[in-house]
Each structure stands twice: as structure tokens, then as C-alpha cells.
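> Build me a model:
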Amino acid sequence: KKQRGDNNSSASKTVGSNGNEPILFLHGITTGWGGYVPMACAMGAGRDIILVDLESVKLNSLEFQMPTPQQFSEKLIHILDRHNIERVSLVGHSFGSMTAGWFLRHHPDRISHLTLIDPVSMLLSFPEVAYSFLYRKPSSVMEWIIHLFAAREITISHTLRRNFWWYNNDLWLEAIPERIGVVVGIATHDEITNPKALQEYVYNCRNARIQARECTPDSSISSKVTLAR
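Below is the predicted model:
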């Protein structure tokens, strides 16, 4: 069942839940959902899935009105409330890790678990993400593909050059409530981020959670931060 509220957000819900909390899936820079459907179906087998469009990070959408973090988060709350969903397992891919961070910052009580795939939202104070996507002179086939078909596309270029403030988009694992389990998937040869720095950061946060768990008798606190490569 597909719902559309305005020109910058929509949601699709598949029915077939086995009792687990639904997955809320936030995409990255993309041409559409075609490339995401196999991944979403595999991750959400037997569960309800909500796919949320953000037109301003879709190639050739010509949507130049980027919602603020608060506006986007309120749209997600509207979707959840409309379907009587109290909490979701939140999944963000690439740019979707930033929008996942927006929702986490504004409504952590509505999230049970967080999965970040190829996240670009962590360590944004480092120069790699902005430089690699917007300013790097291409030297490989993949870098040319990113440069010509993503970074220079008019919709994406407008979104990143006119509506991107790193301090609104960064996500710090230390700020995630302890009860929320976290899985981070990092590509070893990611073209945009610094995979080694991200891996070290995730491991350090994981160890800090484990230590906090050992010092806290409250069994309701989760120590789970998992790194997948």
C-alpha cells in the first residue's frame, strides 16, 4: 500500500509482519527504489517495511525544496502515527544515514534499533565526505561515475551545495541511547568516506558500550554496536 503526502515524501508499507517491529528504510542518493527492493525485501522478510522517499536526493527529480531535519522527522511521525506504529527498526543507507540521524535526534523514543549501511553521517568533521563527493578530481572509473552521474546532476548538486550543513547531518554513536542496538555496515574500499577511520571509531564506541554495560546492573541497557564489512 502506497501513501503520498506531498512532493517530497511518500511511504510504502508491505503487509506480512511476524510480530517484529516494522523496518523504516531511508534511501541514499539514487534514481529510485529499483536498486533497493532486493535489499529491503531481504532485510524485512516477514516484516512490515516502510520505504520513505526524499525526492531532493533522487537523481533527475528536479525537487529543490529540501525539508529541514525537524520537518522530515515530523513527516515520519505522521506516517507512524497513521499506521499506529509505536517503534521501528530504522535503516539508513548512505545519505539515508543522515536522515536517520535527523529522526534519531528528534524522536529517539520511536526507534528500537538502528542499522547504518555505508554511512556518510559519521565523522563529518573530517574532510573526506565533502571533498570526495564535491571537489575531488576523478581518477578512477568509479570516481568518474560519481562525479558525472551524481555530484554534477542538477538536483543532487543543488541539495548538497545549497542545503548541506555538516553540523546538522553528523551522527555520533556516543549520543545514541544505550537501549538502541546499532549495526554499522562499512565498505572496505568506500569511495566517499574514510573506511579505516570509521572502523576504528565504531570499534571504540562498541568497546565503550560494553564497558558501560558491565558497570550497569540494569539489564534493559543494550551493549550492542556491531560492525559489518
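> show me where this structure has helices.
Across the chain, reading from the start of the chain, the helices by DSSP state H fall at 37-43, 69-82, 96-106, 128-130, 141-146, 154-162, 166-169, 195-214.
> Output those helices in TSV, with distance to Ser89 appended to each entry.
Placement of C-beta: from N, CA and C, glycine included. Output for the helices of the chain, formatted as TSV (distance: least, C-beta to C-beta, whole Å):
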stretch	distance to Ser89
helix 37-43	9
helix 69-82	12
helix 96-106	11
helix 128-130	25
helix 141-146	29
helix 154-162	26
helix 166-169	21
helix 195-214	18
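> Out of those helices, which one sits most buried?
Here the criterion is mean neighbour count by mean count of other C-beta atoms under 10 Å, and of the helices of the chain the winner is helix 96-106, at a mean of 23.
> Let me see the residues that make contact with that helix.
Counting by C-beta atoms under 8 Å, 6 or more residues apart in numbering, helix 96-106 makes contact with 24-28, 54, 69-70, 72-74, 76, 90-92, 110-111, 114, 116-122, 168-171, 175-176, 180, all of which sit outside it.
> which one is Gln199 nearest to, not counting chain neighbours?
Of all residues not flanking Gln199 in the chain, Ile186 sits nearest, at 6.0 Å (C-beta to C-beta, 6 or more residues apart in numbering).
> so which of the helices of the chain comes closest to Glu63?
Taking C-beta to C-beta, helix 154-162 is the member of the helices of the chain nearest to Glu63, at 6.3 Å.
> any idea how far that closest one is from the chain center?
For helix 154-162, the separation from the chain centroid amounts to 18 Å (computed by C-alpha atoms, centre = their mean, to the nearest Å).
> Only alpha carbons, please: show that helix as PDB.
This file holds the C-alpha atoms of helix 154-162, laid out as PDB (Å, rounded to 0.1, in the frame of the first residue of the first chain):
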ATOM      1  CA  ILE A 154      21.400  19.300 -11.000                       C
ATOM      2  CA  THR A 155      19.100  18.100  -8.200                       C
ATOM      3  CA  ILE A 156      21.900  16.500  -6.200                       C
ATOM      4  CA  SER A 157      24.300  19.400  -6.800                       C
ATOM      5  CA  HIS A 158      21.600  21.800  -5.500                       C
ATOM      6  CA  THR A 159      20.800  19.700  -2.500                       C
ATOM      7  CA  LEU A 160      24.500  19.300  -1.400                       C
ATOM      8  CA  ARG A 161      25.800  22.700  -2.300                       C
ATOM      9  CA  ARG A 162      22.800  24.700  -1.000                       C
END
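> Packing partners of it?
The criterion is 3 or more C-beta pairs under 8 Å, 6 or more residues apart in numbering; DSSP states H and E, and there are no helices or strands that helix 154-162 contacts.
> about what we covered before: count of neighbours near the residue nearest to Gln199?
Burial of Ile186, expressed as a neighbour count using other C-beta atoms under 10 Å, amounts to 21.
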